[in-house]
Each structure stands twice: as C-alpha cells, then as structure tokens.
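Undergrad: Below: sequence and its predicted model.
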Amino acid sequence: MHDTIYRAGLGLYVVWLLLVVLLLLGRYTPAPLFGFVQPGVVVGAAVLTVFGAGRLVRSGYRRVGD
C-alpha cells in the first residue's frame, strides 16, 4: 500500500512539474497558454505546501518528544 501511494504521489509531482514548464513556455514564448495550466500549478503548489508543512510539524513533534 505504501508503495502505491508513493508512486501516485511521485506521478502527480511529475505532472505538476510538467504544468510548471508549460506555464513558463506559455508566458515567455509564443507557445499557447492553456486554461488548465495556471490553476493546476496553483493547486499543486498549495498541496505541496500543505504536505510539506505537515511533514515539518510531524518531524518537529518527534524531535521534541525524543
């Protein structure tokens, strides 16, 4: 189960990186900027921020408890 969650998270991270590249290409080159790119980047960044903050809180509690 842990392997499946890890692979799904890694896949979503790769999709988010692809969306970031598409956003940069759409802004700074003549390539078209699709409507789903900017919201996808924002949602992905928010999810990564919440996940990272959760991991910091959890590891902080472990350090205080030890």
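TA: Thanks, I have it. Residues are numbered from 1 along each chain as shown.

Undergrad: can we go C-alpha only for contacts and neighbour counts from here?
TA: Will do.

Undergrad: any idea which element the residue nearest to residue 31 when sequence neighbours are not counted lies in?
TA: Distances taken as C-alpha to C-alpha, 6 or more residues apart in numbering place residue 25 nearest to residue 31, at 6.1 Å, with adjacent residues excluded. Following DSSP states H and E, one finds residue 25 within helix 2-28.

Undergrad: where does this protein have low pLDDT?
TA: Applying pLDDT under 70 to the chain flags the ranges 61-66.

Undergrad: Could you pull out the buried residues of the helix ranked longest in the chain?
TA: Determined from DSSP state H, the single longest helix within the chain is helix 37-65. Neighbour counts over helix 37-65 (16 or more other C-alpha atoms under 10 Å) mark 37, 38, 40, 41, 44 as buried.

Undergrad: if I pick the residue nearest to residue 31, what's in contact with it?
TA: Residue 25 makes contact with 31, 32, 33 under the criterion C-alpha atoms under 8 Å, 6 or more residues apart in numbering.

Undergrad: Quick one: neighbours of the second one, just the number.
TA: Residue crowding around residue 32 was assessed by other C-alpha atoms under 10 Å; the count is 11.

Undergrad: roughly how far apart are residue 45 and residue 10?
TA: Noted for residue 45: a distance of 14 Å to residue 10, by C-alpha to C-alpha, to the nearest Å.

Undergrad: should've said residue 46
TA: 16 Å.

Undergrad: who are the neighbours in contact with residue 41?
TA: Shown in contact with residue 41 (C-alpha under 8 Å, 6+ apart): 16, 19, 20, 23.

Undergrad: Right, I'll call it a day here.
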